[in-house]
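Trainee: Mind folding the following:
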Amino acid sequence: MPASVAVRPAGYSVLRAGHARFLVHRRAVAVASVLLVLLAASCVAYLCVGEAFVSPAEVVKVLLGRSSPDELVVEELRLPRLVVGLLVGLAFGVAGALIQTVARNPLASPDVIGISQGASALTVASMTLGITSYSVLPYLSVAGGLLAAALVYLFAWRGGLHATRFVLIGIGFAIALRSITTLFMTKGDYLVAQQAQIWMTGSLNGRGWPEAEVLAPILLVLVPALAWAARAQRTVSLDDDTATALGVRLGRVRLGLVALGVVLAAVATGAAGPVDFVALLAPQIARRMTRTAQIPLLSSALTGAVIVVLADLLARRLFSPTELPVGVLTAAVGAPYLIWLIIRSRSVGGTS
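Mentor: Model (predicted):
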């Protein structure tokens, strides 16, 4: 009998770390590397461009802690906002990837199926009641997002989680929760309503280290859970019968992935407001670039960060001196993409 030989899937390489071996998708690694370079270039451009242009050399000098005449502009005005944008983009990118993986539907993202609207409803209600501290709002957003997700999950569960039912029920909840948010805004104080309206558009204007200090620790704490999620994606992507035969408890795994995605989306919403369509766009762009069977979490996170950083840079400079909320630009790109996805899914369904 010939000795058994391990078959390596096409497009993968074996990475050895001591006695451990890992399969690495070569194209996914290449895409992630390109995205890292693009993100670094976007960050430098973000710190350079503004009312006063700062040369890249001066930006690097400030980041290295050296004395520079542009230290105030870069370190105090632009860098804190950039850090918040990076963290928000990373969180939305991963959240969209996890939720789309569980739903097996590119239409499923936090801002489409009611999660962002749940976070917004509780946050705006709290603002109406006088709670406006940005150190508290992210936690309220998490509570609202988790509650909305639990309701969607509960109503969509019928002996299993059907993708189409999950998305449709989520859209229904999103509409209802948006109406509740509008009701709170009309009943509250005028100034608070104006503040809530700006927050609802998704904006990084005025965001800085206080928001980053809330968002960064939460993301760091969730890193081990994300490592588990990257592994769990493989089993969730299998059909239900195969996964069950392998001993996978699909209900628990799906619930864990959804809960992780909800927390990420809700915390990002609390920090910057509902920046629409980032969680919808980033995973699909990443998957098309990597051509992997599962949505790649790292590439989705990097894509989300690139989208938010570039969108906010354009929002600051496109109609200068007027600053647009970053959510306006992401919605301008994401809404047509959502319409295209719906039309495409209908045409595919009609031909099947």
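Trainee: mind listing the strands for the protein?
Mentor: 12-17, 20-25 (DSSP state E).
Trainee: excluding its backbone neighbours, what's nearest L39?
Mentor: Among residues not flanking L39 along the chain, V306 sits closest, at 5.2 Å (CB to CB, 6 or more residues apart in numbering). Heads up, the C-betas are built off the backbone N, CA and C, glycines and all.
Trainee: pLDDT weak spots in the stretch 251-352 of the chain?
Mentor: By pLDDT under 70, the low-scoring segments of the stretch 251-352 of the chain are 345-352.
Trainee: Go again with 90.
Mentor: Across the stretch 251-352 of the chain, the ranges flagged by pLDDT under 90 are 251-259, 261-263, 265-277, 280, 291-295, 315-352.
Trainee: how about the helices in it?
Mentor: 278-290, 297-317, 326-351 (DSSP state H, counting those that start in this stretch).
Trainee: Okay, the residue nearest to L39 and L35: tell me how far apart.
Mentor: With distances taken as CB to CB, to the nearest Å, V306 is found 6 Å from L35.
Trainee: per-residue pLDDT, the nearest residue to S320 once chain neighbours are set aside?
Mentor: Spatial nearest neighbour of S320, chain neighbours left out: E51 (7.4 Å); criterion: CB to CB, 6+ apart. Looking at E51, its pLDDT reads 85.
Trainee: Would you confirm that E51 contacts P321?
Mentor: Yes - counting by CB atoms under 8 Å, P321 is a contact partner of E51 at 7.3 Å.
Trainee: Which residue of these two possesses the greater neighbour count?
Mentor: E51 (10 against 7; other CB atoms under 10 Å).
Trainee: Quick check: phi and psi at the residue nearest to S320.
Mentor: phi -60, psi -40 (degrees, to the nearest 10).
Trainee: ok, now which ones touch G114?
Mentor: A148, A149, L151, V152, G170, I171, G172, F173, A174, L177 (CB atoms under 8 Å, 6 or more residues apart in numbering).
Trainee: Report the separation between the residue nearest to A174 when sequence neighbours are not counted and R66.
Mentor: Setting aside the residues directly before and after it, A174 is nearest to G114 in space (CB to CB, 6+ apart), at 3.9 Å. Distance, G114 to R66, by CB to CB: 48 Å.
Trainee: same thing with R26?
Mentor: Applying CB to CB to R26 and R66 gives a distance of 39 Å.
Trainee: Check L77 too.
Mentor: 18 Å.
Trainee: between those two, who's got more neighbours?
Mentor: L77 (15 against 10).
Trainee: so where's the stretch 101-250 of the chain shaky on pLDDT?
Mentor: Using pLDDT under 90, the stretch 101-250 of the chain drops low at 101-117, 119-146, 149-150, 152-171, 178-215, 218, 226-250.
Trainee: so what's G144 up against?
Mentor: G118, A119, S120, A121, L122, T123, A266.
Trainee: Give me the distance between the closest residue to L122 other than its chain neighbours and A279.
Mentor: If the residues on either side of it in the chain are set aside, L122 comes closest to G144, at 3.0 Å by CB to CB, 6+ apart. Going from G144 to A279 by CB to CB gives 16 Å.
Trainee: what do you get for F166?
Mentor: Distance from F166 to A279, by CB to CB: 15 Å.
Trainee: More neighbours: those two, which one.
Mentor: A279 (37 against 24).
Trainee: Distance to V102 added to the helices of the stretch 251-352 of the chain, as TSV?
Mentor: Below are the helices of the stretch 251-352 of the chain laid out as TSV (distance: least, CB to CB, whole Å):
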stretch	distance to V102
helix 278-290	12
helix 297-317	13
helix 326-351	17
